[in-house]
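Chemist: Dropping a prediction and its sequence here:
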Amino acid sequence: MYFNEDHEALRALVKRFVDKEINPYVDEWEKSSMPLHEVFPKLGELGLFGIRYDPAYGGQGLDDWFDTVFLEELGHIKAVGAQASILVQTHLATPALHEFGSEHLKKTWLEPAIAGRLVSALAITEPGAGSDVAALRTRAVRDGDEYVINGSKLFITNAVQADFLTLLARTGDKPGYHSFGLFVVPTDSPGFVVSKELDKLGWRCSNTAELFFDDLRVPAENLIGEEGEGFIYQMKQFQYERFSSLPISYVTARDMIDMTVDYIKQRIVFGKPLITRQVLRHRLADWVTQIECLKQLTYHIVRMKMDKRDATREISMGKLMAGRMLREVADGCLQMFGGMGYMNENPITRYWRDGRLASIGAGADEIMSEIIARMEGF
Amino acid sequence: MYFNEDHEALRQTVRKFVDNEINPHLDAWEDAGQAPIKDIFKKLGDLGLLGITYDPECGGQGLDYWFECVFLEELGHIKGLGLPIAIAVQTHMATPALHEFGSEFLKENFLKPAVLGDMVAAIGVTEPGAGSDVAGLRTTVRKDGDEYVINGSKTFITNGVSADFITLLARSSNDPGYHAFSLIVVPTNTPGFQVSKKLDKLGMRCSDTAELFFDDVRVPASHLIGQEGEGFILQMKQFQHERYSGLPFIPVICQDMIDLTVDYIKQRIVFGKPLITKQVLRHRLADWLTEIELLRQMTYHIVRMKMEGRDATREITMGKLYGARLVRRVADGCLQMFGGMGYMNETLISRYYRDARIVSIGGGADEIMSEILARMAGY
């Protein structure tokens, strides 16, 4: 109802890519990690890394509806970790670069990222600061034509394979939100150390690292926008990150339901297919209802974005709902599979493990609730 | 974002009516167990509010579903659900089939007076032994020459005591299946029609609800809506209007309850601090706001579907299910935040709490909505 032929053409393109180039390999990647330098150039070649971005840097210059189509189709990837690695490149680490980066930065870093030649990662969280960004300790100090960076970052997706980081660091000691800078940090800079590759509950095909910066020097021109405004840019960038989880979540949830329904239609219990049990059918109806509500809120957000309105409130609501819904559906589907749902050969176990992060990453549920409450004046 | 100046003008009209003609009197009407709905409907009819989407030939405004949505949203500001539902009976439950399938004669003699507020309508579907299970209906309608003869009873009929006519669903043959029912207009001044009981309810106390009895009630054959045997099908369509009608006002009611509660907990000091500073309450409020926004956007999606002439049964069913649970949860949660004061009838939240309970039952219970959804999904 809201998509035209052009949108559907993009949908078909992404779908084909997911079916041929991603889903056949995710089982293997879950064991070994997704090879981003092999997969990303293919996505770049299809123009999928810069759907919204300026054609001057290799982008498609398309609108937020196309972006939504892209995200919806990523939802069909049968491992949330692989979805996430792609999103880091499109919705986490590059939006600020596109919106506030200098011509030099865009040519040097954004354009190759859009082409899929460079892998990016977003470095915000630290051992002592996640959602509480004001507690960030990693520091960038100006020294002539360079910034010297010292500190560490934690839980950084794609970092092991990344060519550059978009990094938030403290540039001043004043309290408040204007003491941070957002930087492009090449990972081949001396002083950059992947101090630990982290072993995770889920998202096993994506790599996650702890990083260490020891007198790491970057040219001053690697600063995105103004010094002191990094926190503000990152708050804007978070809106892309959080929004990206919405279309993915309702599509992933729907896929879980479809595979579960296929199973319980065949599974005979007490002489009847399990699907005939009303308590399961109504539970499924509840989830389908929540999925539709989330989808319609998402489309409302797309309209707001198209209208250049601030959708922070609605995106926060959507993120909160998406995280909970994904977890509830994953858990409930696993339950319907019974013993078979506990076996790792069944993909529902992966969704269940992967889904858990949706309420933590990109700002925990509790942070979303806090944002909503504050915006309401509570 | 989705409404223009014309919509806002209608919003102001309804808002003013609710603020001036309804809300100041509600406490008295609740105590009396009856709002003067003939008088209220006449005033609403004079303002053109009882036929917003209906054909101007029937006294309607001929406006689209966005206007209808505005009207329903504003009814949500009525401080209690009894009257919004009584009004929706007139606009969304007892008359849509008449407008869509009724003859010129029926429209002139029943729909138009209902739109003008000269007649009160009620919808007679539920029976002592059949509610959502419509196939269990026992009230019969049998052709006899130029007349239909009706026998049986109906129960839980909102506006049933005040009604001038009933849009009645009755069995027209004993065939199994869905083509054995007729929808017919029954004037309540017909001999044999009887309000056998005015029912006493948990909530919605200002709206009247009746048990009706039909003893050889004879109506002219011209009172049949559409084709004989097709009443069930017409009623299924009519149910979509009924179920939809709650959607726009539920987010508004919920927001009003929250506003009322937030005003209170900002002032209420507990352990030296205003209650609103407690994070568990603030996050609970944020949850409700999130769900309100989800339901509102689902509702607007349905409006767009209606505008395009699409079948929105699935989405309306989802909205009804989601909305009913939401309004009950918010009412209950707000009452909780009021504490002891929430349990006192002088606090408005107690009325919302009692009234909201109906939403998961009326218009098809939550379980029926889930069943429809499961079937539509092929489960």
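Modeler: Perfect, thanks for sending it. Numbering: from 1, shown residues only, chains lettered A, B, ... in the order given.
Chemist: Against chain B - does stretch A:232-249 have any residue that ends up touching it?
Modeler: No - contact between stretch A:232-249 and chain B is absent, the nearest approach being 11.4 Å (criterion: C-beta under 8 Å from any C-beta of the partner chain). Just so you know, the C-beta spots here come from the backbone N, C-alpha and C atoms, and that holds for glycine as well.
Chemist: Report the mean per-residue pLDDT for that stretch.
Modeler: If you average the pLDDT over stretch A:232-249, you get 97.
Chemist: can you check stretch B:127-138 too?
Modeler: 84.
Chemist: From the opening residue of that stretch to its closing one, how far?
Modeler: Stretch B:127-138 has its terminal residues 8 Å apart, counting by C-alpha to C-alpha, to the nearest Å.
Chemist: For it, which residues meet the burial criterion?
Modeler: Within stretch B:127-138, the residues that qualify as buried are B:Glu127, B:Ala130, B:Gly131, B:Ser132, B:Val134, B:Leu137, counting by 16 or more other C-beta atoms under 10 Å in any protein chain shown.
Chemist: Helix or strand: which one has B:Gln297?
Modeler: Secondary structure from DSSP states H and E places B:Gln297 in helix B:279-307.
Chemist: Okay, angle between the next helix or strand after that helix and helix B:279-307 too, please.
Modeler: Going down the chain from helix B:279-307, the next helix or strand is helix B:313-338, by DSSP H and E. Interaxial angle of helix B:313-338 relative to helix B:279-307 (axes from the mean of the first three to the mean of the last three C-alpha atoms, to 10 degrees): 160 degrees.
Chemist: Spatially nearest residue to A:Gly332 (excluding sequence neighbours)?
Modeler: Closest residue to A:Gly332 apart from its sequence neighbours, by C-beta to C-beta, 6 or more residues apart in numbering or on different chains: A:Arg283 at 6.0 Å.
Chemist: Close to chain A: what parts of chain B are there?
Modeler: B:1, B:262, B:276, B:279, B:282-283, B:285-287, B:289-291, B:293-295, B:297-298, B:300-301, B:304-305, B:308, B:310, B:314-315, B:318, B:321-322, B:367, B:369-371, B:373-374, B:377, B:379.
Chemist: domain parsing for chain B?
Modeler: Under automatic domain parsing, the residue ranges defining each domain of chain B are B:5-116, B:121-229, B:233-376.
Chemist: Return the set of buried residues in the helix holding B:Gln297.
Modeler: For helix B:279-307, by 16+ other C-beta under 10 Å, it's B:281-306.
Chemist: Distance-wise, check the residue in the stretch 1-150 of chain B that chain A sits nearest to relative to A:Glu8.
Modeler: Minimum separation of the stretch 1-150 of chain B from chain A (C-beta to the nearest C-beta) falls at B:Met1, amounting to 6.8 Å. As judged by C-beta to C-beta, to the nearest Å, B:Met1 and A:Glu8 stand 26 Å apart.
Chemist: Sketch out the helices for the stretch 201-350 of chain A, chain order is fine.
Modeler: All helices of the stretch 201-350 of chain A, identified by DSSP state H, counting those that start in this stretch, fall at A:230-266, A:278-306, A:312-337, A:347-355.
Chemist: helices and strands around the last one, which ones?
Modeler: I take that to be helix A:347-355. helix A:80-87, helix A:230-266, helix A:312-337 (3 or more C-beta pairs under 8 Å, 6 or more residues apart in numbering or on different chains; DSSP states H and E).
Chemist: Per-residue pLDDT of B:Gln90, please?
Modeler: Confidence score, pLDDT, at B:Gln90: 98.
Chemist: Quick check: it is in a strand.
Modeler: No - applying DSSP: H, G, I helix; E, B strand; the rest coil, one finds B:Gln90 to be helix, outside a strand.
Chemist: That one and A:His282, how far apart?
Modeler: When B:Gln90 is compared with A:His282 (using C-beta to C-beta), they lie 32 Å apart.
Chemist: And B:Gly378, by the same measure?
Modeler: Taking C-beta to C-beta, one finds B:Gly378 at 15 Å from A:His282.
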